[in-house]
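A.B. asks: mind looking at a prediction? Sequence and model below.
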Amino acid sequence: MTSKVKTSRYLRGQALVVIESLLLLLVVGIFLTTRYLQMMIPDVILIVCIFAITVVGTCSVTFWSMRNHISKGWRFALRHYKLCLSVRRALLDAAYYVPRQFFGTAVAQLPKIKLTFTDNYQRGMLLVENRVKYAQRLDTAQLSSALRRYVVERSYLSDDENYYCFELFDSRLERRLEFRSLDELLSYNAQVGDLELFIDKFTVIPLHHTLIVGQTGSGKTYGVYSFLLQMLIKPVQYQLYLADPKGSSLSILGDMIAPDCTAEDVDDIVALLREFNDVMDKRKADLKAKLATKLEASYSDFGFNPYVFIFDEYASFQSVVQAMDKKHRDEVNKLISQIVLQGRQLGFFLFIVMQKSDSTSLPTMIRDNLPLKIVLGNAEQQTYVTAFGTGVEIPSRDFRKGEGVYTFPGIANTPKLCAFSYLNFDINAAFRAKRGLCNNPRSSKGA
Ligand SMILES: Nc1ncnc2c1ncn2[C@@H]1O[C@H](COP(=O)(O)OP(=O)(O)OP(=O)(O)O)[C@@H](O)[C@H]1O
């Protein structure tokens with residue numbers, strides 16, 4: 001449920017107070033005038049009138065302003081008001097104002113601020129006016145203490161460059177989902193589209209090429225479990241290919257859910273990549289015939305299923321490939337590039353999981369064409385730079401396992417927080433239960 005509290009409501013309340021004061025002034029004026037004209041109205045009647053107007057006026061003003069507060073939650077209205085006040089104070093302290101003269105007195109003209117909340121006040125958006133005259137850059141650090149329990153998740157300039165936008169979230173908020181059974185995951189997944197994957201309470205991403213980076217133990221493979229389970233329980237059948245050069249948990253899982261499409265050995269992985277490309281080429285021919293009827297369509301518009309190739313420990317695979325002769329190296333690079341460059345419209349996606357995404361392990365061209373980039377755990381600055389590029393601001397937090405930041409065009413153009421779900425049930429049993437839903441792609445190519 002979304003609700004908003006706007007500053008204008010307070011202004012309305014203040015206007016009523018002004019009206020009441022004017023009324024009082026009027027009555028006092030009448031009192032003084034009658035005294036002046038020596039009219040024979042007893043003082044006691046006038047005093048009672050003034051008293052009555054004051055009581056009735058105060059009660060109605062209080063009721064009127066409370067009416068707004070009650071309907072939107074007066075506690076939150078108060079919080080909103082206090083927050084606006086402390087942000088203004090912080091702007092003043094940060095000297096983010098324009099000095100002006102007001103009837104000979106030096107005053108500070110603060111920029112306009114707008115504060116709105118969503119998701120039951122768990123998230124918010126603070127807009128601070130950016131006029132050319134505020135030449136100084138507004139920094140997140142300048143506001144963080146003023147925001148009390150709220151933390152800046154992302155900050156950027158609005159498209160028209162008139163406002164600094166600060167996306168806030170309640171620091172006490174647990175964005176991570178916890179599922180105690182597969183059924184719970186199933187019912188949550190029902191709210192998400194067939195070709196979308198969720199990460200946490202606030203993050204749903206369209207299926208696309210993905211890069212997951214993070215130090216050992218940061219929760220990469222666990223995150224892949226979460227994605228895989230979602231894919232397996234969707235009404236649309238996902239065709240899964242799994243490559244795990246380390247032969248660890250993902251390959252064990254692969255043997256359970258897609259044994260014919262799981263590989264550990266580098267040669268087998270290359271063969272799997274070839275096969276994936278062959279199926280993709282067939283899909284290309286099928287789709288071409290259909291696109292004649294609808295030019296801007298993609299695989300899902302014609303009822304084709306998505307194919308997903310999940311690559312764990314990609315760097316370890318690349319280190320072996322680099323030692324191969326040039327012909328083999330070129331072939332592998334071509335296979336990977338083709339998936340990344342042509343896969344989206346055809347419905348063929350690559351998920352790459354690795355500890356660091358530097359260009360020696362992952363060519364820049366491939367990395368740049370993986371729209372969903374996730375960095376988990378407390379990574380080194382260089383890891384963020386290689387994943388997201390230079391000059392991006394990473395929200396400063398102590399990331400727990402499965403927590404991190406991600407970017408996705410249009411949804412998170414700069415790194416945003418995310419946290420993979422806690423799967424508080426027997427994951428192996430869940431995969432075993434769902435293995436029947438995963439087609440063996442070898443028996444249904446081009447479906
Ligand atoms: N989202 C999460 N919720 C709860 N626990 C998690 C989460 N992610 C990871 N963990 C815990 O952290 C452990 C390590 O995670 P995982 O094996 O996925 O790390 P990794 O980054 O893949 O490590 P490596 O690179 O060594 O394979 C998991 O076994 C699990 O207990």
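C.D. replies: The structure has been received and is ready for your questions.
A.B. asks: which residues touch the closest residue to the ligand within the chain?
C.D. replies: Ranking the residues of the chain by distance to the ligand (Cβ to the nearest ligand atom) places residue 402 first, at 2.3 Å. Bear in mind the C-beta positions are built from the backbone N, C-alpha and C, glycine included. Residue 402 makes contact with 176, 218-219, 222-223, 376, 419-422, according to Cβ atoms under 8 Å, 6 or more residues apart in numbering.
A.B. asks: skipping adjacent residues, who's closest to it in space?
C.D. replies: What sits nearest to residue 402 in space, not counting adjacent residues and going by Cβ to Cβ, 6 or more residues apart in numbering, is residue 219, at 3.6 Å.
A.B. asks: for residue 258, same thing?
C.D. replies: Going by Cβ to Cβ, 6+ apart, residue 258 has residue 240 as its nearest residue, at 4.8 Å.
A.B. asks: residues near the one you found, how many?
C.D. replies: 24 (other Cβ atoms under 10 Å).
A.B. asks: check residue 246 too.
C.D. replies: The tally of other residues near residue 246 (other Cβ under 10 Å) stands at 13.
A.B. asks: the ligand contacts on the stretch 201-350 of the chain?
C.D. replies: Selection of the stretch 201-350 of the chain residues close to the ligand by Cβ under 6 Å from any ligand atom yields 214, 216-222.
A.B. asks: which of the residues you listed sit farthest apart?
C.D. replies: In these, two members sit farther apart than any others by Cβ to Cβ. They are 216 and 222, at 12.3 Å.
A.B. asks: just want to know which of these two has more residues nearby.
C.D. replies: In this view residue 216 and residue 222 are compared by other Cβ under 10 Å, and residue 222 has more residues nearby, 18 against 7.
A.B. asks: enumerate every residue touching the more buried one.
C.D. replies: When contacts are counted by Cβ under 8 Å, 6+ apart, residue 222 is found next to 401-402, 420, 423.
A.B. asks: hmm, 10 Å instead?
C.D. replies: When the contact criterion is Cβ atoms under 10 Å, 6 or more residues apart in numbering, the partners of residue 222 are 249, 376, 401-402, 420-423, 427.
A.B. asks: same check on residue 344?
C.D. replies: 206-209, 298-299, 369, 371.
A.B. asks: ok, back up a step: least confident of the contacts of residue 222?
C.D. replies: When it comes to pLDDT, residue 249 is the least confident member of those, at 87.
A.B. asks: could you find the closest non-adjacent residue to that one?
C.D. replies: Ranked by Cβ to Cβ, 6+ apart and with sequence neighbours excluded, the top spatial neighbour of residue 249 is residue 221, at 5.8 Å.
A.B. asks: quick one: which helix or strand includes that neighbour?
C.D. replies: Per DSSP states H and E: residue 221 is located in helix 220-233.
A.B. asks: show me what the helix or strand following that helix is packed against.
C.D. replies: Downstream of helix 220-233, the first helix or strand assigned by DSSP H and E is strand 239-243. Contacting strand 239-243 under the criterion 3 or more Cβ pairs under 10 Å, 6 or more residues apart in numbering; DSSP states H and E are the following elements: helix 220-233, helix 249-257, strand 262-263, helix 266-291, strand 307-311, strand 348-354.
A.B. asks: neighbouring strands - and their directions - for strand 239-243?
C.D. replies: Paired neighbours of strand 239-243 in the sheet (DSSP bridges): strand 262-263 (parallel), strand 307-311 (parallel).
A.B. asks: follow-up on the earlier one: between the contacts of residue 222, which has the most around it?
C.D. replies: Of the contacts of residue 222, residue 376 is surrounded by the most neighbours, 28 neighbours in total, counting by other Cβ under 10 Å.
A.B. asks: didn't that one look like it was pressed against residue 215?
C.D. replies: Yes - under the criterion of Cβ atoms under 10 Å, residue 376 makes contact with residue 215 at 8.1 Å.
A.B. asks: okay, and the common contacts of these two?
C.D. replies: Taking Cβ under 10 Å, 6+ apart as the contact rule, residue 376 and residue 215 both touch residue 383.
A.B. asks: could you list the low-pLDDT ranges of the stretch 201-350 of the chain?
C.D. replies: Low-confidence regions of the stretch 201-350 of the chain, defined here as pLDDT under 70, do not occur.
A.B. asks: would you list the strands paired with strand 239-243 in JSON lines and tack on distance to residue 54 and mean neighbour count?
C.D. replies: Rendered in JSON lines, the data for those read as follows (distance: least, Cβ to Cβ, whole Å; neighbours: other Cβ atoms under 10 Å):
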{"stretch": "strand 262-263", "distance to residue 54": "81", "mean neighbour count": "22"}
{"stretch": "strand 307-311", "distance to residue 54": "72", "mean neighbour count": "25"}
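A.B. asks: columns distance to residue 143 on top of those strands, output as CSV?
C.D. replies: Written out in CSV, the entries for the strands paired with strand 239-243 read as follows (distance: least, Cβ to Cβ, whole Å):
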stretch, distance to residue 143
strand 262-263, 49
strand 307-311, 40
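A.B. asks: which parts of the chain are helices?
C.D. replies: Using DSSP state H, the helices assigned to the chain run over residues 7-36, 43-72, 74-93, 140-144, 182-189, 220-233, 249-257, 266-291, 314-322, 326-346, 364-368, 381-388, 427-434.
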